[in-house]
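[1] need coordinates for the below:
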Amino acid sequence: MAARVAAGAGGGDALPLLDDLMPWSVRPLRTGRPWVTAPDAPSLRARWDLLAGAEGADQERLFRPSRSRTPLTPATALPGRSTGTSAFARDPGPYPEPVRILHGPFDEQWLIPDHRLLDAARPELWRVADAHQLFAVEHGYVPHDGGPALSVTALLPDGHSPAGRPGRIRPLYRRPGGREPNLAPGLAALLSARYGAPVTAGSVLAWALATALPSPAGPLVPLPDDGAVWADGVELGQELLRLQLRGARGGERPRLPGGRRPYVRAAIPPRPDSLLYDAAEEAIVLGEGRVSPVPAGAWDFRVSGVRVLELWFERRTAPAEGLAAVGPRGWPQERTSELLELITVLALLAGLRPRQQALRGRLERAGALTRDGLCAAGVLPVPTSARRPASVLDHQEEGPEGQFALL
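    Just a heads-up that it's a prediction; the model follows:
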């Protein structure tokens with residue numbers, strides 16, 4: 001396995017990339033200004049009201065213009081959203097209800113879904129985001145990092161990477177309603193015959209979640225010769241998926257056993273100025289506040305070399321300027337609940353790492369399907385059409401200044 005991994009996306013011994021298996025991908029969102037996202041929805045409403053009430057130079061300063069967006073830039077409405085399309089300075093329109101997004105790995109936040117405020121909102125993602133969709137998000141590659149190569153969410157992800165070059169966002173389905181799996185043509189049939197059991201887009205995603213390995217070219221996904229190894233990997237990936245979805249799609253919200261559930265042992269102050277870990281007590285200390293038990297695996301859980309809990313805390317306490325500084329006066333109760341859930345998710349994910357390592361050991365001893373094997377089977381190279389968005393529109397979308405978009 002090590003030799004094949006080292007080959008990357010290169011020679012005939014190379015493992016396939018996730019890009020080979022799920023060929024349609026979208027670049028991360030580029031908001032262009034930090035104030036359009038926030039950990040809590042009320043802050044976004046307050047920021048909108050301040051911006052809409054300002055005029056001229058004051059509004060431009062608050063807006064933080066870029067080459068793509070200024071207060072005088074009209075824009076097409078985002079798919080499924082009824083927002084203004086005229087220049088914000090002329091007609092802000094009604095406040096659009098914020099949407100829940102995944103802001104980088106494991107950080108659920110809120111976004112104002114107004115295309116006039118976003119440099120690159122990636123409308124093709126919004127067109128296929130529905131109650132059936134899942135998104136695989138590649139993490140930025142950092143050499144010698146032992147963290148996961150990708151994660152999965154039911155929320156619209158922005159694809160932000162805490163370190164390294166951002167990866168791609170890969171929807172599970174190319175069309176709304178869970179139609180047209182985003183798989184290389186012929187892959188499901190090939191793997192079904194290989195393993196003697198049906199292979200679906202969901203099982204490919206679960207397998208990738210359990211086994212993907214980071215590389216400079218993107219996540220590598222070994223495909224075993226042994227059907228038993230495949231079945232065990234899919235089962236493990238489904239458990240990882242359940243944890244990462246946090247109760248979405250009808251599942252149960254993750255919970256640790258009663259004696260291991262984290263609790264607030266000392267009240268978190270309104271503005272904690274530091275986050276520390278007390279390994280002896282298995283506790284995180286937020287200023288004078290204290291939460292325990294926090295397993296070491298949760299505290300040290302990293303993505304792209306960055307500790308997830310530290311990044312989550314920094315995003316909620318770091319000094320900000322302009323509209324981004326508009327937020328809650330203290331530490332909301334909802335924020336504590338989110339922290340406890342995040343600790344739970346990370347602890348459970350860390351607890352599954354021994355199973356992932358054992359699975360990778362089995363993969364190293366078993367034969368694997370290489371990119372050359374996929375080429376010989378006619379799965380690769382993937383047709384160009386499979387890398388483009390599908391035509392999903394059954395209605396017209398409103399373009400800038402109220403005109404219909406030409407699609």
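[2] which parts of this structure are helices?
    Applying DSSP state H to the chain gives helices spanning 2-7, 18-21, 41-53, 56-63, 123-128, 187-195, 201-211, 227-245, 296-299, 308-317, 333-351, 353-365, 371-376.
[3] what does the second one contact?
    Taking Cβ atoms under 8 Å, 6 or more residues apart in numbering as the criterion, the residues outside helix 18-21 that touch it are 25, 136, 138, 150, 168, 170, 183-184, 187, 204, 208, 212, 217-221, 371, 374, 379-380, 382. The way it works is simple: take the backbone N, C-alpha and C, and place the C-beta from them, glycine included.
[4] likewise stretch 115-127?
    26-33, 36, 66, 68-69, 73-81, 83-85, 87-88, 135, 156, 169, 171, 176, 389, 392-393, 397.
[5] that one: end-to-end distance?
    The first and final residues of stretch 115-127 sit 14 Å from each other (Cα to Cα, to the nearest Å).
[6] average pLDDT for that stretch?
    The average pLDDT for stretch 115-127 rounds to 97.
[7] nearest to residue 103, of the helices of the chain?
    helix 308-317 (7.8 Å; Cβ to Cβ).
[8] any stretches of the protein with poor pLDDT?
    Along the chain, the model assigns pLDDT under 70 to residues 1-13, 392-407.
[9] one step back: go through the contacts of helix 18-21 and flag which are in strands.
    Counted as lying in strands by DSSP state E, out of those, are 136, 138, 150, 170.
[10] what subset of the contacts of stretch 115-127 is buried?
    Among the contacts of stretch 115-127, those classed as buried by 16 or more other Cβ atoms under 10 Å are 26, 28-33, 36, 69, 73-79, 81, 83-85, 87-88, 135, 156, 169, 171, 176, 397.
[11] the nearest residue in space to residue 61 that is not next to it in sequence: neighbouring residues, count only.
    Spatial nearest neighbour of residue 61, chain neighbours left out: residue 322 (7.3 Å); criterion: Cβ to Cβ, 6 or more residues apart in numbering. Burial measure for residue 322: 16 neighbouring residues, criterion other Cβ atoms under 10 Å.
[12] measure residue 322 to residue 138 for me?
    Noted for residue 322: a distance of 31 Å to residue 138, by Cβ to Cβ, to the nearest Å.
[13] what's the answer for residue 278, then?
    Using Cβ to Cβ, residue 278 is found at 34 Å from residue 138.
[14] which residues touch residue 92?
    Counted by Cβ under 8 Å, 6+ apart, residue 92 has contacts 48, 51-52, 84.
[15] for residue 77, see how far away the residue nearest to residue 214 when sequence neighbours are not counted is.
    Sequence neighbours aside, residue 149 is the residue nearest to residue 214 in space, at 4.3 Å (criterion: Cβ to Cβ, 6+ apart). For residue 149, the distance to residue 77 (Cβ to Cβ) stands at 35 Å.
[16] same deal with residue 161?
    In terms of Cβ to Cβ, residue 161 sits 28 Å off from residue 77.
[17] what of residue 291?
    Using Cβ to Cβ, we find residue 291 at a distance of 42 Å from residue 77.
[18] isn't residue 204 right up against residue 182?
    No - contact criterion Cβ atoms under 8 Å: residue 204 and residue 182 do not qualify, at 9.4 Å.
[19] where do the contact lists of the two overlap?
    residue 22.
[20] what's the closest of the helices of the chain to residue 253?
    helix 333-351 (7.2 Å).
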